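A.B. asks: Give me a 3D structure for the following:
(one chain, ligands or ions: 1)
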Amino acid sequence: MNTSKSEELYKIALDLMPGGVNSPVRAFGSVGRNPLFIDHAKGAYVYDVDGNEFIDYVCSWGPGILGHAHPEVIEVVVKACFDGLTFGAPTGKENTLAAMIRECVPSMEMVRMVNSGTEATMSAIRAARGYTGRDKIIKFKGCYHGHSDGLLVQAGSAALTQSVPDSGGVPASFASQTLVALFNDKDSVRELFENNKDQIAALIVEPVAANMGVVLPEEGFLSFLRDITAENGAVLIFDEVITGFRLGIGGAQQWYGVEPDMTTLGKIVGGGMPMAVYGGKREIMKNVAPTGKVYQAGTLSGNPIATTAGIKTVELLMDHPEIYERIEANTKKLAAAYEARAEKFGQNIHVNQVGSLMSAFFTDQDVKDYAGAVSSDTDAYARYFNYMLEHGIYVAPSQFEAMFISGAHSDEDIAKTIDVLMAD
Ligand code: KE4
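C.D. replies: Sure, this is the predicted structure:
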């Protein structure tokens, strides 16, 4: 596969940006090759600068549930641009999108729009601390909630592949307020609450962990978190930056029937534009400035272009719920194919799948928690990644990311992917 133009751009990029990228996972660091530079994308496909075409299962890490450059989204975004890109003042579009979010996620009685998932989780935690007057938080090992200081403690996503689970530059005093439990391990949560009585402001969790690869909550785990946080006066925050609008229009909280006190959304809610949201119970959110003492602000928060993209994306998902059945069915087909490949080649592959999210772990273990995920053979994953890439399939350049399927992936795309998977 010719990648000469990517190589040229990469050389230049290395001199301009750390690792030549603006987000670490894009550097392909754990798959042993230099990154591809993308020229454009359409539907289920991305095209690199050398003209190579790939069926895309990264989908920009989640926003691309409708496929790239959806014509109806592009049309309204282009039109909106002619009316101005940002005003730094309220617009009716923010009302529209906020109301749609509340209709889809009723637990979000009041919301605040920000520009990234990191901002959303950081702000949700600040709101929870302001509401409870407490300092400590609980997160789970291998879960990733963006790169705010207090959350870069035993994080997931690229923090796993960089083997720097505790990032440089985070003062020990910040990390000391962050307690770490184990996903799907109720006792680890109980212990933290018992040993930190009345000190825990919030517990933040990805209701489906997707940053150590996809790890599903065991039966009753989320309702256990709901109960123990309520019993201890701690705010339960569902980080649905990935699962929001992905696992159905109501996200993971609808899928599993567990209602948090606060939710963070990102990715899909902005339709590919920089947009994320935090929100929840009115009694918590009313503490956020200007109505309360929890300060949070943003120049481009809720800007007219991102809200336009978000409104149209959410509208299309609300109007076409059949999209969810189709992408789940296609994801199940892929999951079955990975299992068939394991059978055919005697490979150790364990697949986790829910809705249109899945991960193929290169391990002989069941992956029900962090330990299971990191038991994976990342060299085997790298070989698989490069084999797929050379055959026109672009999967996540890391074992510890999710595979995303969009409404633009056709039956032919799925069939081609399976053919590649099942070839020698
Ligand atoms: P951003 O700040 O990247 O918009 O969102 C942070 C975030 C928060 N919560 C969850 C559950 C997330 O998955 C993320 C970001 N996800 C990663 C991929 N696993 C983004 C890709 C990247 O870091 O380049």
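A.B. asks: I'd guessed Pro24 sits against Ala158; true?
C.D. replies: Yes. Contact criterion CB atoms under 8 Å: Pro24 and Ala158 qualify, at 4.1 Å. The C-beta positions use only the backbone N, C-alpha and C, and glycine is treated the same way.
A.B. asks: what about the two, which has more around it?
C.D. replies: Ala158 (23 against 18; other CB atoms under 10 Å).
A.B. asks: Single out the residue in this protein that lies closest to the ligand.
C.D. replies: Here the chain gets closest to the ligand at one residue, Gly117, 2.3 Å apart by CB to the nearest ligand atom.
A.B. asks: confidence score at Ser173?
C.D. replies: Note on Ser173: pLDDT of 83.
A.B. asks: Distance of it relative to Lys333?
C.D. replies: According to CB to CB, to the nearest Å, Ser173 and Lys333 sit 49 Å apart.
A.B. asks: repeat for His409
C.D. replies: Relative to Lys333, and taking CB to CB, His409 is found at 10 Å.
A.B. asks: Could you do Glu219 as well?
C.D. replies: On the measure of CB to CB, Glu219 and Lys333 end up 25 Å apart.
A.B. asks: ok, now Pro290?
C.D. replies: From Pro290 to Lys333 the distance is 50 Å (CB to CB).
A.B. asks: So for these two, which residue has more residues nearby?
C.D. replies: Neighbour totals were compared for Pro290 and Lys333, and Lys333 leads with 15 against 7 (other CB under 10 Å).
A.B. asks: Please, which helix or strand holds that one?
C.D. replies: According to DSSP states H and E, Lys333 maps onto helix 322-345.
A.B. asks: Check which helices and strands that helix is in contact with.
C.D. replies: helix 304-319, strand 350-354, strand 357-361, helix 411-422 (3 or more CB pairs under 8 Å, 6 or more residues apart in numbering; DSSP states H and E).
A.B. asks: Mutual contacts of Pro24 and Ala158, please.
C.D. replies: Common contacts of Pro24 and Ala158, defined by CB atoms under 8 Å, 6 or more residues apart in numbering, are absent altogether.
A.B. asks: Pull the contacting residues for the residue nearest the centre of the chain.
C.D. replies: Taking CA atoms, centre = their mean as the criterion, Ile242 is the residue nearest the geometric centre of the chain, at 3.2 Å. Counting by CB under 8 Å, 6+ apart, Ile242 makes contact with 61-62, 206, 208, 210-211, 266-267, 357, 402.
A.B. asks: Local confidence estimate at it?
C.D. replies: 98.
A.B. asks: Run through the residues of the stretch 201-350 of the chain sitting next to the ligand.
C.D. replies: 206, 211, 239, 241-242, 266, 276 (CB under 6 Å from any ligand atom).
A.B. asks: do that again at 5 Å, thanks
C.D. replies: 206, 211, 239, 241-242, 266 (CB under 5 Å from any ligand atom).
A.B. asks: of all the residues you listed, which two lie farthest apart?
C.D. replies: Taking CB to CB, the two most distant members of these are Asn211 and Gly266; they sit 12.7 Å apart.
A.B. asks: Could the C-alpha coordinates of stretch 168-188 be exported in PDB?
C.D. replies: Extracted C-alpha coordinates of stretch 168-188, given in PDB (Å, rounded to 0.1, in the frame of the first residue of the first chain):
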ATOM      1  CA  GLY A 168       3.100  13.400  34.000                       C
ATOM      2  CA  GLY A 169       2.300  16.900  35.100                       C
ATOM      3  CA  VAL A 170      -0.500  15.900  37.500                       C
ATOM      4  CA  PRO A 171       0.300  17.000  41.000                       C
ATOM      5  CA  ALA A 172       0.000  14.200  43.600                       C
ATOM      6  CA  SER A 173      -2.300  16.500  45.600                       C
ATOM      7  CA  PHE A 174      -4.800  16.400  42.600                       C
ATOM      8  CA  ALA A 175      -4.600  12.700  42.200                       C
ATOM      9  CA  SER A 176      -5.100  12.200  45.900                       C
ATOM     10  CA  GLN A 177      -8.700  13.300  45.600                       C
ATOM     11  CA  THR A 178      -9.400  10.600  43.100                       C
ATOM     12  CA  LEU A 179     -10.100   7.100  44.400                       C
ATOM     13  CA  VAL A 180      -9.900   4.200  42.000                       C
ATOM     14  CA  ALA A 181     -12.200   1.200  42.000                       C
ATOM     15  CA  LEU A 182     -12.400  -1.800  39.700                       C
ATOM     16  CA  PHE A 183     -15.100  -2.000  37.000                       C
ATOM     17  CA  ASN A 184     -17.600  -4.800  37.800                       C
ATOM     18  CA  ASP A 185     -16.100  -5.300  41.300                       C
ATOM     19  CA  LYS A 186     -18.700  -4.300  43.800                       C
ATOM     20  CA  ASP A 187     -16.500  -4.900  46.800                       C
ATOM     21  CA  SER A 188     -13.900  -2.400  45.500                       C
END
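A.B. asks: Could you point out the helix or strand that follows the one helix or strand in the chain whose mean pLDDT sits lowest?
C.D. replies: In the chain, no helix or strand scores lower on mean pLDDT, DSSP states H and E than helix 158-161, which sits at a mean of 66. Sequence-wise, the next helix or strand downstream of helix 158-161 (DSSP H and E) is helix 172-175.
A.B. asks: just checking, what packs against that next one?
C.D. replies: Against helix 172-175 (3+ CB pairs under 8 Å, 6+ apart) you get no helix or strand.
A.B. asks: List of residues touching that helix?
C.D. replies: 149-150, 152-153, 166.
A.B. asks: Buried among those? Make that a ChimeraX selection.
C.D. replies: Remark: buried members of the contacts of helix 172-175, expressed as a ChimeraX selection using 16 or more other CB atoms under 10 Å:
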select :149,150,152,153
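A.B. asks: highest average neighbour count across the helices and strands packed on helix 322-345?
C.D. replies: Here the criterion is mean neighbour count by mean count of other CB atoms under 10 Å, and of the helices and strands packed on helix 322-345 the winner is strand 357-361, at a mean of 26.
A.B. asks: Which parts of the chain are strands?
C.D. replies: 38-42, 45-48, 53-56, 110-114, 136-140, 178-181, 200-205, 235-240, 262-265, 276-280, 350-354, 357-361, 393-394, 403-404 (DSSP state E).
A.B. asks: and these as JSON lines, adding distance to Arg326?
C.D. replies: Listed next are the strands of the chain as JSON lines, based on distance: least, CB to CB, whole Å:
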{"stretch": "strand 38-42", "distance to Arg326": "19"}
{"stretch": "strand 45-48", "distance to Arg326": "18"}
{"stretch": "strand 53-56", "distance to Arg326": "16"}
{"stretch": "strand 110-114", "distance to Arg326": "29"}
{"stretch": "strand 136-140", "distance to Arg326": "31"}
{"stretch": "strand 178-181", "distance to Arg326": "36"}
{"stretch": "strand 200-205", "distance to Arg326": "28"}
{"stretch": "strand 235-240", "distance to Arg326": "21"}
{"stretch": "strand 262-265", "distance to Arg326": "22"}
{"stretch": "strand 276-280", "distance to Arg326": "26"}
{"stretch": "strand 350-354", "distance to Arg326": "15"}
{"stretch": "strand 357-361", "distance to Arg326": "15"}
{"stretch": "strand 393-394", "distance to Arg326": "19"}
{"stretch": "strand 403-404", "distance to Arg326": "14"}
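A.B. asks: Okay then, goodbye and thanks.
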